[in-house]
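1. structure of the sequence below:
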Amino acid sequence: MLRVAALLLVIPLAGCGGAPKPPPEPPQPAPIAAQPEPEPEPPLDDAPMLDVVSAQPTEILLDGKSIGTTPITGRKVAPGTHEVTFVDLERGNRTMMVTLEPGDAKTVQSDPPPSIQESGGGDAKSDKPGERK
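-> The predicted model follows:
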């Protein structure tokens, strides 16, 4: 009986080793860790800066486009020559040219000219109440 049991164990084992093995796959090279490219240094922010001020709030055009009402501070612009227009519906617009180089910071200021006051004639009124000329 022992022989029969041993024979029964050997027969199934004989069939297991007969199948051909698939050829081994060539070894894959280990992935190379990609070296991160060094980040370029950020460009120096040397854009010219423009401040625009006036005695009273005034709409401002920069190169013909509205950029807001004075005071305007720290407005970054491209290097070069720019047209700054102070919009004044009563007295007429005033336009100034300003040239800015990289890194420049300039202020453009405009105060309206004094109002034209008529003099002479008998109709002139005094600044002081109750006085007549």
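2. output the below-cut-off pLDDT ranges for this protein.
-> Applying pLDDT under 70 to the chain flags residues 1-20, 27-44, 112-133.
3. quick one, what contacts residue 94?
-> 85, 86, 88, 110, 112 (CB atoms under 8 Å, 6 or more residues apart in numbering). For every residue, glycine as well, the C-beta is placed using N, CA and C.
4. same thing with residue 78?
-> 47, 48.
5. three-state assignment of it?
-> coil (DSSP: H, G, I helix; E, B strand; the rest coil).
6. same question, residue 109
-> Under three-state DSSP, residue 109 comes out as strand.
7. of the contacts of residue 94, which belong to strands?
-> Judged by DSSP state E, the subset of the contacts of residue 94 located in strands is 85, 86, 110.
8. so the first one sits against residue 95, correct?
-> Okay, so that is residue 85. Yes - between residue 85 and residue 95 there is a contact under CB atoms under 8 Å: 4.5 Å.
9. between the two, who's got more neighbours?
-> residue 85 (20 against 13; other CB atoms under 10 Å).
10. would you mind measuring from that one to residue 23?
-> Distance check for residue 85 against residue 23: by CB to CB, to the nearest Å, it reads 82 Å.
11. go on, residue 84?
-> Distance from residue 84 to residue 23, by CB to CB: 80 Å.
12. neighbour-wise, which of those two wins?
-> Between residue 84 and residue 23, residue 84 has the larger neighbour count (other CB under 10 Å), namely 22 against 6.
13. how about the contacts made by the more buried one?
-> Per CB under 8 Å, 6+ apart, neighbours of residue 84: 50, 52, 60, 61, 62, 95, 96, 97, 98, 108.
14. in contact with the fourth one: list those residues for me.
-> In this case it means residue 61. Shown in contact with residue 61 (CB under 8 Å, 6+ apart): 67, 83, 84, 85, 87.
15. from those, which two are the most distant?
-> For the contacts of residue 61, the farthest-apart pair by CB to CB is 83 and 87; their separation is 12.5 Å.
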